[in-house]
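[1] Here you go, sequence then predicted model.
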Amino acid sequence: MTTKNRNSYKCPVCGHNLDSEIWVTGDKDPQPGDISICYYCASANEFTENLNLKNITVHDFKLLDDATKSTILSILREILSKPL
């Protein structure tokens, strides 16, 4: 898991421009299937073939390996525990 400043992407859930994300999978330029978590709304998102972000559905989440699921949940707990 790494945090990097990148080109801006728009969160598909809250609409914030994301120029720094927590990367659950991947540690270079985003590739289709890489996962990013929005720090503003704590949504887990996946890069599509066109490198747009789409929100991960429950079905998508269930298909992830256990280590990735655990990492996502840990990051979400951390983000959601921060005061507004």
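    Sure, I can see it.
[2] ranges for the helices of the chain?
    Here the chain has its helices, by DSSP state H, at 58-63, 66-80.
[3] Can you spell out which helices and strands pack onto the longest one?
    Okay, so that is helix 66-80. When contacts are defined as 3 or more Cβ pairs under 8 Å, 6 or more residues apart in numbering; DSSP states H and E, helix 66-80 sits against strand 35-37. Every residue, glycine included, has its C-beta placed from N, CA and C.
[4] Report how many residues lie close to residue 60.
    13 (other Cβ atoms under 10 Å).
[5] so what's it up against?
    Counting by Cβ atoms under 8 Å, 6 or more residues apart in numbering, residue 60 touches residue 46.
[6] Most tightly packed of the helices of the chain?
    Using mean count of other Cβ atoms under 10 Å, the stretch among the helices of the chain with the greatest mean number of neighbours is helix 66-80 (a mean of 13).
[7] So which of the helices of the chain is nearest residue 49?
    Closest approach to residue 49 among the helices of the chain (Cβ to Cβ): helix 58-63, 14.4 Å.
[8] same question for that closest one, mean pLDDT?
    In this model, helix 58-63 carries a mean pLDDT of 94.
[9] thinking again about what came up before, in TSV, list the helices of the chain along with distance to residue 39.
    Formatted as TSV, those follow (distance: least, Cβ to Cβ, whole Å):
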stretch	distance to residue 39
helix 58-63	19
helix 66-80	6
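[10] Surely residue 56 touches residue 44?
    Yes. Applying Cβ atoms under 8 Å, one finds residue 56 in contact with residue 44, separated by 4.5 Å.
[11] Could you pull out the residues contacting both of the two?
    Contact criterion Cβ under 8 Å, 6+ apart; residues bridging residue 56 and residue 44 by contacting each: residue 35.
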